[in-house]
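Peer 1: predicted coordinates and the sequence they were generated for:
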Amino acid sequence: MANAQVTVEKLRTSPEEATSLFHPYPAAPDIDTPAPSGYKPFYISHYGRHGSRYETSKSIVETAVVRMKKLDEKGLLTEKGKELYSFLQRVFDESDGRWGELTGLGAAEHREIASRMVKRFAPVFGDKDRKDVRCVASTTTRCIVSMASATGEIRSQKPSLNLTYSVGDRYQPFMRSSGSSTKSISPTIDKERNQMFKAGLDPLRAGSAIFTNPEEALAQIPNPISFFESVYRGWAIHLAMGFPFFDLREYLDETSIMTLWGGTDGRYIILIGYPFANELIEDIIKRADDALDGKSVCADLRYGHDNILLRLVNQIGLYTWYGNIAEANAGGDMATAVPMGSNFQMVFYSKGRGDVLVKVLYNEKERTLPGLKPVSGPYYKWTDVREAWRKLITNNTETL
């Protein structure tokens, strides 16, 4: 997951990935390595980020729209500038009153993920003895609607299942991060990002295609860097809203886009991935133990946020934590690390008696667990994984 990088070449070949963590979910092929002889799936433990959403705050997009409206009235926008203004105004109008809510695309993403899960692991959802599916969501509306979309699809395919739903403050510690653990590093990261913006974002160059008189236009923008960041964020959310791709390269130069993309990616990779998801790992172990001890639960489904999901995959070794923005940009990008709808699935296998095996999927792709010896392919003994993850919780700073 750390082989995709923020590079000019990536911008030129896959410009849509410059949308960073706002990128819609890329559906993965359901290709499975055969399990060891006799083993069949019987239980799934899952955590999913909410699907594609609108931008979370009105001010994030409004900054650019308000400034461009005034510049347009004064004849300071070129034809390209007018096109960009019209596009951002449409993003704003479509989002107004729905800030932070799930989009239609986001609901569809979760229906499709759930549909593939049921079909891919049919024995899990077809066991006559295991009929219970426990569903938990963050208290944020977009997560609740994501859960409803996914489980509605499961219920339509498997109406005999017994789905139960839980939402509330008691689940928040393992459903999302409070952000308190990043307070110590936030000032350092923000300072580095601001330095990156000052070094790579020349307002005159950035505005050369959209302003008729860049000097005069910029004189009327109190904080040009904040203005261009607002332009970028308004653009970055458009695919998640279901809009067709709008090529920002026609309006801003590559260096400016790379700077805005890199600053956004680097900050989120560090803050979201830093560094622990102990409560979520504990919940995964606890619920798995409960499911293995009994015979009624076939799945535990959780619907939350990127901040805890990336911490989870970082802590168990599927992703690398980076110490600064430069390292983060060289090591990975958010469009592949944690796009909208990202999900972690742990599938449990048995053959009636003996050891339980597990395999891990991230965004529906099989993954290996560093530091652990598999039985074969991506299949591990649950007792080995459980012991290793218990150590992670105890030691806090270790990674596998």
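Peer 2: Okay, I see it. Keep in mind that what you see is a predicted model, and the values were worked out from it rather than measured. Residues are numbered from 1 along each chain as shown.
Peer 1: got phi/psi on the residue nearest in space to the middle of the chain?
Peer 2: What sits nearest the mean C-alpha location of the chain, by CA atoms, centre = their mean, is Val338, with 3.1 Å. When read as degrees, to the nearest 10, the backbone of Val338 gives phi -150, psi 70.
Peer 1: that one and Leu310 touch, don't they?
Peer 2: Yes: judged on CB atoms under 8 Å, Val338 makes contact with Leu310 at a distance of 4.9 Å. Every residue, glycine included, has its C-beta placed from N, CA and C.
Peer 1: any stretches of the stretch 51-200 of the chain with poor pLDDT?
Peer 2: For the stretch 51-200 of the chain, the stretches flagged by pLDDT under 70 are 178-181.
Peer 1: what about the strands in it?
Peer 2: Along the stretch 51-200 of the chain, counting by DSSP state E, counting those that start in this stretch, strands occupy 132-137, 162-167.
Peer 1: and the last one, which strands flank it?
Peer 2: Partner strands and pairing direction for strand 162-167 (DSSP bridges) are strand 132-137 (parallel).
Peer 1: nearest to Asn324, out of the strands of the stretch 51-200 of the chain?
Peer 2: Closest approach to Asn324 among those is made by strand 132-137 (33.9 Å; CB to CB).
Peer 1: mind listing what Ile185 touches?
Peer 2: Contacts were defined as CB atoms under 8 Å, 6 or more residues apart in numbering; by that measure Ile185 touches 270-271, 274.
Peer 1: neighbour-wise, give me the winner out of those.
Peer 2: Highest neighbour count within the contacts of Ile185: Ile270, with 24 neighbours (other CB atoms under 10 Å).
Peer 1: residues touching that residue, list them.
Peer 2: Taking CB under 8 Å, 6+ apart, we find Ile270 in contact with 185, 189, 321-325, 328.
Peer 1: and the helix or strand containing it, how far out from the chain middle?
Peer 2: Using DSSP states H and E, Ile270 maps to helix 254-273. The chain centroid and the centroid of helix 254-273 are separated by 14 Å under CA atoms, centre = their mean, to the nearest Å.
Peer 1: how about that helix: buried residues?
Peer 2: Of the residues in helix 254-273, 256-273 count as buried by neighbour count, 16 or more other CB atoms under 10 Å.
Peer 1: again with stretch 9-24
Peer 2: Neighbour-count burial for stretch 9-24 [16+ other CB under 10 Å]: 10-11, 15, 17-24.
Peer 1: ok, stretch 83-103 next?
Peer 2: By 16+ other CB under 10 Å, the buried positions in stretch 83-103 come out as 84-85, 87-92, 94-95, 101-103.
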